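Trainee: I would like the atomic coordinates for the input below:
(one chain, ligands or ions: 2)
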Amino acid sequence: MTNAPIFERMALIGIGLIGSSLAQAARQRGLVKEIAISTRSEATLRRAEELGLGDSYSVDAAVAVEGADLVILCVPVGANEAIAKWIAPALKKGAILTDAGSTKGSVVAQVAPHVPEGVHFIPGHPIAGTEQSGPDAGFPTLFDQRWCILTPPENTDPDALEKLKAFWQGCGSDVDLMDPKHHDLVLAIVSHLPHVIAYNIVGTADDLEAVTKSEVIKYSASGFRDFTRLAASDPIMWRDVCLNNKDAILEMLARFSEDLSALQRAIRWGDGDKLFEMFTRTRSIRRSIIEAGQETDAPDFGRHSGD
Ligand SMILES: NC(=O)C1=CN([C@@H]2O[C@H](COP(=O)(O)OP(=O)(O)OC[C@H]3O[C@@H](n4cnc5c(N)ncnc54)[C@H](O)[C@@H]3O)[C@@H](O)[C@H]2O)C=CC1
Ligand SMILES: O=C(O)C(=O)Cc1ccc(O)cc1
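Mentor: Ligands and ions are numbered 1, 2, ... in the order given. The predicted structure is shown next:
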């Protein structure tokens, strides 16, 4: 499906899984006229060019954003502040500046102070991804039937917000608006904690001397395999998520540890009723996700059929 272009020139800063998918979705669906790409490594930039992801390429982010009416930061969240400082003087008046970062409070704190007057800063987060990274990992349907959360500041220009919403909808997503703090709390439990747990369980298995790595691989049931997929996610990205949503992740980890202790106790004391009651409760959550059309039995978490 092609649309009338919403933006003249889109600048993507960072061209990994998310930047590459955005370039392909926007191109395929005619959402932008021109795509400018910037990333810090020459090699990644050349690869993006080989893949034909954009119309112009530069390692200088300020060059890429020149004349752009949509700028999307698609870098690990820890890199946002330095990039915001770098591009600020080159941003066009009236441009929309947004991002795809998995944390939102930190992005607001680190980017907003550098945004010049007349530029519309509207943070965003597509709830869509995989464990892969880099430009080759991108694909144009990544955002189809996924949520994209925007966290517009109170005084956001309504026309700018509508245009950004239309862009994400054009990429196939449904858009929800949220307060950054609330976003960070919700994502801490549904995304950040699962990744932290996955890194931890796979690390524990790897440390076990009695179980050789080959046995872990040989006998891994699908439960463990699901954890290994998450634990294969990009270490820089997830280091930055943990450092930039510290409070909410620690809060969720504390609750998780308490609940784990209760489970441990039930196992130790042979409290079968407690275990059965708990496992029954959690089973119904999976069922309600499937009934809401947000999941099939195929391992493709997060795609939904809309509300
Ligand atoms: N991977 C996923 O499943 C999802 C990721 N996100 C968020 O999207 C953002 C991008 O993630 P991915 O595309 O997965 O990462 P990625 O690792 O695939 O790509 C990151 C890109 O940023 C570039 N980069 C890194 N540091 C830089 C710097 N200091 N200056 C300029 N460029 C720099 C890298 O060269 C690469 O092109 C992150 O903030 C992440 O939290 C959001 C939703 C899903
Ligand atoms: O691969 C998975 O299962 C994910 O959970 C992808 C993902 C990673 C980070 C995000 O901020 C949003 C989605």
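Trainee: rest of the way, CA atoms for contacts and neighbours
Mentor: Noted.
Trainee: and Val216, what does it touch?
Mentor: Ala205 (Cα atoms under 8 Å, 6 or more residues apart in numbering).
Trainee: Arg229 reaches Glu131, doesn't it?
Mentor: Yes - counting by Cα atoms under 8 Å, Arg229 does reach Glu131; the two are 6.5 Å apart.
Trainee: and this structure, which of its residues are near ligand 1?
Mentor: Contact residues, the chain versus ligand 1 (Cα under 6 Å from any ligand atom): 14-19, 39-41, 74-77, 79, 100-102, 125-131, 133-134, 237.
Trainee: out of those residues, which are buried?
Mentor: Buried positions within the residues of the chain next to ligand 1, assessed by neighbour count (16 or more other Cα atoms under 10 Å), are 14-19, 39, 74-77, 79, 100-102, 125-130, 133-134, 237.
Trainee: up against ligand 2, what does the stretch 151-300 of the chain have?
Mentor: Contacts of the stretch 151-300 of the chain with ligand 2, taken as Cα under 6 Å from any ligand atom, map to Ser191.
Trainee: could you look up the SS state of the residue of the stretch 151-300 of the chain found nearest ligand 1?
Mentor: Going by Cα to the nearest ligand atom, ligand 1 is nearest to Met237 of the stretch 151-300 of the chain, at 5.6 Å. For Met237, the assignment made with DSSP: H, G, I helix; E, B strand; the rest coil gives helix.
Trainee: cool, and Leu12?
Mentor: Counting by three-state DSSP, the backbone at Leu12 sits in strand.
Trainee: just to revisit the earlier point, okay, and which of the buried ones among the residues of the chain next to ligand 1 map to helices?
Mentor: Within those, residues falling in helices by DSSP state H are Leu17, Ile18, Gly19, Met237.
Trainee: by mean pLDDT, point me to the weakest helix or strand of the protein.
Mentor: helix 213-219 (a mean of 78; mean pLDDT, DSSP states H and E).
Trainee: where does this protein dip in pLDDT?
Mentor: Along the chain, the parts satisfying pLDDT under 70 run over 1-3, 209-213, 294-307.
Trainee: just the strands in it please.
Mentor: Here the chain has its strands, by DSSP state E, at 7-13, 32-38, 56-58, 70-73, 96-99, 120-121, 124-126, 147-150, 174-177.
Trainee: is it possible to export these to CSV including distance to Ala112?
Mentor: Converted to CSV, the strands of the chain look like this (distance: least, Cα to Cα, whole Å):
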stretch, distance to Ala112
strand 7-13, 17
strand 32-38, 21
strand 56-58, 24
strand 70-73, 13
strand 96-99, 10
strand 120-121, 7
strand 124-126, 13
strand 147-150, 15
strand 174-177, 18
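Trainee: distance of Lys33 relative to Leu17?
Mentor: According to Cα to Cα, to the nearest Å, Lys33 stands 21 Å off from Leu17.
Trainee: centroid-nearest residue for this protein?
Mentor: By Cα atoms, centre = their mean, the chain has its centre lying nearest to Ser102, at 4.4 Å.
Trainee: quick check: closest non-adjacent residue to that one.
Mentor: With Cα to Cα, 6 or more residues apart in numbering as the measure, His125 is the residue that lies nearest to Ser102, at 6.0 Å, once sequence neighbours are left out.
Trainee: now swap in Val65 and tell me
Mentor: Leaving aside its chain neighbours, Val65 sits nearest to Ala11 (5.4 Å; criterion: Cα to Cα, 6+ apart).
Trainee: gap between the one you found and ligand 2?
Mentor: Using Cα to the nearest ligand atom, to the nearest Å, Ala11 is found at 21 Å from ligand 2.
Trainee: what distance do you get for the nearest residue to Met252 once chain neighbours are set aside to ligand 2?
Mentor: Spatial nearest neighbour of Met252, excluding adjacent residues (Cα to Cα, 6+ apart): Ile189 at 6.2 Å. For Ile189, the distance to ligand 2 equals 11 Å [Cα to the nearest ligand atom].
Trainee: now the helices for the stretch 201-307 of the chain?
Mentor: For the stretch 201-307 of the chain, applying DSSP state H, counting those that start in this stretch gives helices covering 213-219, 222-231, 235-244, 246-268, 272-291.
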